[in-house]
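Enquirer: Need coordinates for the below:
(2 chains)
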Amino acid sequence: MAWANTEIARQLEEIAELLRLAGEDAFRVRAYERAAAAAGAAEVDLGELDEAELTEVKGIGASTAAKIVEFRATGEIGLLSELREQVPPGVVELTRVPGLGPKTARRLHAELGIGGLDDLAAALEDGRVAALDGLGERSAARIAGGLERIGAKDTDRTPVADVVDLAVELCRRLEALDAVERAAPAGSLRRMRETVGDLDVLVATSSPAEVAETVRGDTDLVAEVLADGDTKLSVRTRGPGVQLDVRLVEPEAWGAALVYFTGSKAHNVRLRERAVRDGLTVNEYAVADRETGQRRAGVTEEEVYAALGLAWVPPPMREDTGEIEAAAEGSLPQVVTEEAVVGDLHGHSDVSGDGRASLEAMVAAAAERGLAWWAVTDHAEDLTMNGASRADLLARREALPALAERYGLALLDGLELNIDGEGGVDYDAEFLATFDWCVASIHTMLERDGAAQTGRLCTAMANPHVHAIGHPSGRLLGQRPGYDLDWERVIATAVETGTALEVNGALRRLDMPAEVVRRAVQAGATLSLASDAHTTGGLANLTWAVRTAQRGWAPASAVLNTRGLEELRAFVAAKRERAR
DNA sequence: GCCGTTTTCGGCCCGACTGTTTTCAGTCG
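Expert: Reported below is the predicted structural model:
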């Protein structure tokens, strides 16, 4: 299997989870969590290291190294098999209930024989849960509420696409209040994870009670209040029905709180460990001297990181996958920023069937956004429902110069080609050669296996007129998983053929996934960032493409969208040249 | 289980909220 790291990380994570449920020492659990994170983020293929080399990876010691070797030799880890025997699957299931942790799950199983969610529902119903020592009616009601919430959905995480609008609107309403100095999304939304467990919004205010009262009273927003304290209000929302945590902090703690509530948890733990070594302490209010309590930083994120001897870390990189070490030694990559992106490489007009705005409206919106160049990539003819004919495309081509002149930006005459079952694309080479920019994507035969899809992409990349692969994994978040691609081969082929791999910012796609972006960047691939806009508003998706690229540690130099028009044309020409 | 600018042993990040055990445990992030 290519890239053993992902599978090793998954196994180690499962060991950590089961050890926690078995009531093992918390530090041992954490050691496995860290080993899993280290394996997932390792830049070398752990499948190719011997046992001694494995222990040189930070976070992997002798014990874990032996287990990795065992996994490679036998396909399984004995400890994990034992734990799966020892910890009933029902207990694992119980901890999916919000508010029900490992201790309670174990007791429910041991003392009441509860083996799953159905048993739990019955025991809540007949009062056995409430009768346990240390629990009571209110604890039982809380667990019942949690059980009801997960019953409504098949997953406990929500695609980021479903909550972005809510977060933006809430922050807008909050900032309109006199009592609020600032409001911003934090948590996994700010880190640009593709799904969120809950929605964190941070508010700087000197009148927390007033703000909390306003939010609680917003019946458009709030379905139910889950927790209510001086610094935190937690509610379940209407609409997407997610848990929303509103954190209320004094304005002078804004930076410290933003770091704290942005996370990730693993990143924060690392920060606090560093602080301890330096005689400091970090919490959500400030960085302070451990001995004297004297405050060192807290107003801005930059000063919080600086007080810890670190460069500011872009939020999408805060996953404890090496960013803190890099920030300490000054080797943090200068990842691509929104300011550096001057063009968009994938977008549609109503020349093809699913575009919802006219070519002129799209060009105007691209200019409004401040882009120096915009590629219009309407669907090509093989997409029978939506594709544009040759005649449509030639007419579009005629219109481009005048629009470029009128709106003051360069326009690339582009296509989104369809990769057929054998890796071929629309039109003939002669016609394709007349276009500036061609993205090729899979739109049909989505059910084929990973080997077939990998082959289709690689064949398409060998075509000298295919400049980028669009939404490579084919996933739709919350709807369908991506193809089971051999990413190593896809990435290697992209590098060999001089083909860009797209980072599609449509929130249902976020494709390539950030972890694949990181591997592609390490392998020297070139990235094309794309809004894949079908409406004028869709151009804003370029922001999510940038943040996904940041999560993948992509430097501006790896991203075509940071380049001027001449450099972009040189990339296209180089591929055609290579194919001669 | 991992690790070392104080350590090869003995530590290992920090605080809010809730409910129930009037001083704390469990859960969460």
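Enquirer: what's the span of stretch A:551-565 from first residue to last?
Expert: Chord length of stretch A:551-565, first to last residue, is 26 Å (Cα to Cα, to the nearest Å).
Enquirer: With stretch A:175-187 instead?
Expert: Per Cα to Cα, stretch A:175-187 runs 19 Å from first to last residue.
Enquirer: tell me the mean pLDDT for that stretch?
Expert: Summarised as a single mean, pLDDT over stretch A:175-187 is 95.
Enquirer: repeat for stretch A:317-331
Expert: pLDDT averaged over stretch A:317-331 gives 91.
Enquirer: ditto for stretch A:33-50
Expert: pLDDT averaged over stretch A:33-50 gives 87.
Enquirer: Ok, stretch A:443-458 next?
Expert: 94.
Enquirer: what's the first-to-last distance across it?
Expert: 15 Å.
Enquirer: what's in contact with it?
Expert: A:383, A:418-423, A:442, A:469, A:472, A:474, A:480, A:483-486, A:489-490, A:493 (Cβ atoms under 8 Å, 6 or more residues apart in numbering). All C-beta atoms are positioned from the backbone trio N, CA, C, and that covers glycine.
Enquirer: try stretch A:178-185
Expert: A:167-168, A:170-171, A:174-175, A:190, A:199-207, A:210-211, A:251, A:254, A:258.
Enquirer: Spit out the contact partners of the most centrally placed residue in chain A.
Expert: Central residue of chain A (Cα atoms, centre = their mean): A:R193, 2.6 Å from the mean position. Shown in contact with A:R193 (Cβ under 8 Å, 6+ apart): A:V160, A:R551.
Enquirer: That one and A:T262, how far apart?
Expert: Look at A:R193 and A:T262: by Cβ to Cβ, to the nearest Å, they are 11 Å apart.
Enquirer: just to revisit the earlier point, quick one, which of the contacts of stretch A:178-185 are buried?
Expert: A:167, A:170-171, A:174, A:190, A:199-205, A:211, A:254, A:258 (16 or more other Cβ atoms under 10 Å).
Enquirer: Show only the entries of those residues found in helices.
Expert: Among the buried ones among the contacts of stretch A:178-185, the ones falling in helices (DSSP state H) are A:A167, A:L170, A:C171, A:L174, A:R190, A:V211, A:W254, A:L258.
Enquirer: now those residues in a markdown table, with distance to DNA strand B?
Expert: What follows is those, written out as a markdown table (distance: Cβ to the nearest atom of the strand, whole Å):
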| residue | distance to DNA strand B |
| --- | --- |
| A:A167 | 15 |
| A:L170 | 17 |
| A:C171 | 18 |
| A:L174 | 17 |
| A:R190 | 11 |
| A:V211 | 12 |
| A:W254 | 16 |
| A:L258 | 13 |
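Enquirer: Max pairwise distance over those: which two?
Expert: Spanning the widest gap among those are A:R190 and A:V211, at 19.5 Å by Cβ to Cβ.
Enquirer: Give me the helix or strand of chain A that scores worst on average pLDDT.
Expert: helix A:137-151 (a mean of 86; mean pLDDT, DSSP states H and E).
Enquirer: That one and DNA strand B, are they touching?
Expert: Yes - Helix A:137-151 reaches DNA strand B (Cβ under 7 Å from any atom of the strand) through A:E137, A:R138, A:S139, A:R142.
Enquirer: Of those residues, select the buried ones using a ChimeraX command.
Expert: Buried residues among the residues of helix A:137-151 next to DNA strand B (16+ other Cβ under 10 Å), as a ChimeraX selection:
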select /A:139,142
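Enquirer: Show me which of the contacts of stretch A:443-458 are buried.
Expert: Here, 16+ other Cβ under 10 Å leaves A:383, A:418-420, A:423, A:442, A:469, A:472, A:474, A:483, A:485-486, A:490, A:493 buried among those.
Enquirer: Which of those residues fall within helices?
Expert: A:V490, A:T493.
Enquirer: and the buried ones among the contacts of stretch A:443-458, which of them are in strands?
Expert: A:N418, A:I469 (DSSP state E).
Enquirer: Quick check: phi and psi on A:G293?
Expert: phi 80, psi 0 (degrees, to the nearest 10).
Enquirer: What of the one 4 residues further on?
Expert: With angles defined as degrees, to the nearest 10, A:A297 shows backbone torsions of phi -170, psi 160.
Enquirer: before we move on, back to that, in the least confident helix or strand of chain A, what counts as buried?
Expert: Applying a neighbour-count criterion of 16+ other Cβ under 10 Å, one finds A:S139, A:A140, A:R142, A:I143, A:A144, A:G146, A:L147, A:R149 buried in helix A:137-151.
Enquirer: rewinding a little: give me the three-state assignment for the residue nearest to the centre of chain A.
Expert: coil (DSSP: H, G, I helix; E, B strand; the rest coil).
Enquirer: Can you give me the distance of it to A:R397?
Expert: A:R193 is 40 Å from A:R397, by Cβ to Cβ.
Enquirer: what do you get for A:L94?
Expert: For A:L94 relative to A:R397 (Cβ to Cβ), the value is 62 Å.
Enquirer: Looking at the two, which is more packed in?
Expert: A:L94 (26 against 15; other Cβ atoms under 10 Å).
Enquirer: Against DNA strand B, how distant is the more buried one?
Expert: Separation of A:L94 from DNA strand B (Cβ to the nearest atom of the strand, to the nearest Å): 9 Å.
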